[in-house]
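*Asks:* Fold the following for me, if possible:
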Amino acid sequence: MKFFRQALILCLALWVLGSLSGCAVRPFILSNVADALVSQAQDFEDDIYLARDASAFYLKLSESVLRETPGNLKLAESVAAGFTQYAYAFVSFEADQIQSKDAKAAQQMKERAARLYARAHRHAMWALETSTPGFTKALTQLEPSATLRLTEAQVGVAYWAAAAWGGMISLSKDDPDTVADLPLAMKLAKLAWETKPDHGRGSLSSLMGTFEAASPGGSLALAEKYFDQAIAQSKGQSAGPWVAKAESIAMAKQDAALFAQWLKEAIRISAAHRNLENEVMRARAAWLLETMDDLF
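*Replies:* As a prediction, this is how the structure comes out:
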């Protein structure tokens, strides 16, 4: 009921905004609506299906407000996170599940997931560009570690920009231009990691591990260090690093025993620490265990 009450308030606020075009109080109302949307995104929810059903409304509403407040980094982070998580948890994962039964439908879902990742990436990069004019050009043409820095306020947006970028690349292996952006996505993640390595209680370190393992010539040893750092930063309460470690390290080594061990640890953690992220990872870990014979 809380979500629907807040949704009604937000809808009424947007209706009021539509009638206040050019009015001096419009920016104030927009700011409050943006804050309410960010607060809504942070609400606890551990039911995957309820979250999925509510996500479409929230994302469209948040995206509309973000277009009116492009400088709001917290809202940009929330929108980019929402589209990225929706693509990963509800679209790409379902595509993986039906791949062996309906390859055509799975491909269509992967294309949709890639578009959602791209949407998240655009919102996040525009927020970075708005807060630091010339950011995109600097990231593309210069060596970020020497010439470009993120503020702590930008780290969350940069994390989701890089995560969405990585997701888009993983689903675009037949598109050389998109795949060629992997080094830029890694640079952006590294910029964020250099500023705040413990961001997201290990989420950023886990992303660094995934990128390192996926990079041509990347070091599995370094990737595993990133994952172990993510596990420590989460204080053992996040299932995500264990799933990522299993898919990146154990798969690369073709070590079925480690694969199963790490996925079972993810399931144990998700049962002990209930939240939406862990529920998503529990579902993926369980599915990966069920399909192990096809992977090894």
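*Asks:* Now do the domain split for the chain, please.
*Replies:* Using automatic domain parsing, the domain parsing of the chain gives 1-190, 197-296.
*Asks:* Export these as a markdown table, with columns for mean neighbour count and mean pLDDT.
*Replies:* Any C-beta I mention is one placed from the backbone N, CA and C, and that applies to glycine too. Converted to a markdown table, these look like this (neighbours: other Cβ atoms under 10 Å; pLDDT from 0 to 100):
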| stretch | mean neighbour count | mean pLDDT |
| --- | --- | --- |
| domain 1-190 | 17 | 80 |
| domain 197-296 | 19 | 96 |
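*Asks:* what's the residue closest to the geometric middle of the protein?
*Replies:* Within the chain, one residue has its C-alpha closest to the average C-alpha position: by Cα atoms, centre = their mean, that is Thr84, at 4.3 Å.
*Asks:* Look at it and give its secondary structure.
*Replies:* Applying DSSP: H, G, I helix; E, B strand; the rest coil to Thr84 yields a three-state assignment of helix.
*Asks:* didn't it look like it was pressed against Trp160?
*Replies:* Yes: counting by Cβ atoms under 8 Å, Thr84 touches Trp160, with 5.6 Å between them.
*Asks:* and for these two, which residues touch both?
*Replies:* Ala120 (Cβ atoms under 8 Å, 6 or more residues apart in numbering).
*Asks:* which helix is the longest one in the protein?
*Replies:* As assigned by DSSP state H, the longest helix anywhere in the chain is helix 103-131.
*Asks:* Identify the residues contacting the helix or strand following that one?
*Replies:* Counting by DSSP states H and E, the element after helix 103-131 in chain order, helix or strand, is helix 135-141. Contact partners of helix 135-141, identified using Cβ under 8 Å, 6+ apart, comprise Met125, Leu128, Glu129, Pro144, Thr147, Leu148, Leu184, Lys187, Leu188, Leu191.
*Asks:* can you rerun that using 7 Å?
*Replies:* Met125, Leu128, Glu129, Thr147, Leu148, Leu184, Lys187, Leu188 (Cβ atoms under 7 Å, 6 or more residues apart in numbering).
*Asks:* before we move on, what about stretch 277-287?
*Replies:* 46, 48, 89, 93, 97, 238-240, 243, 263, 266-267, 269-270.
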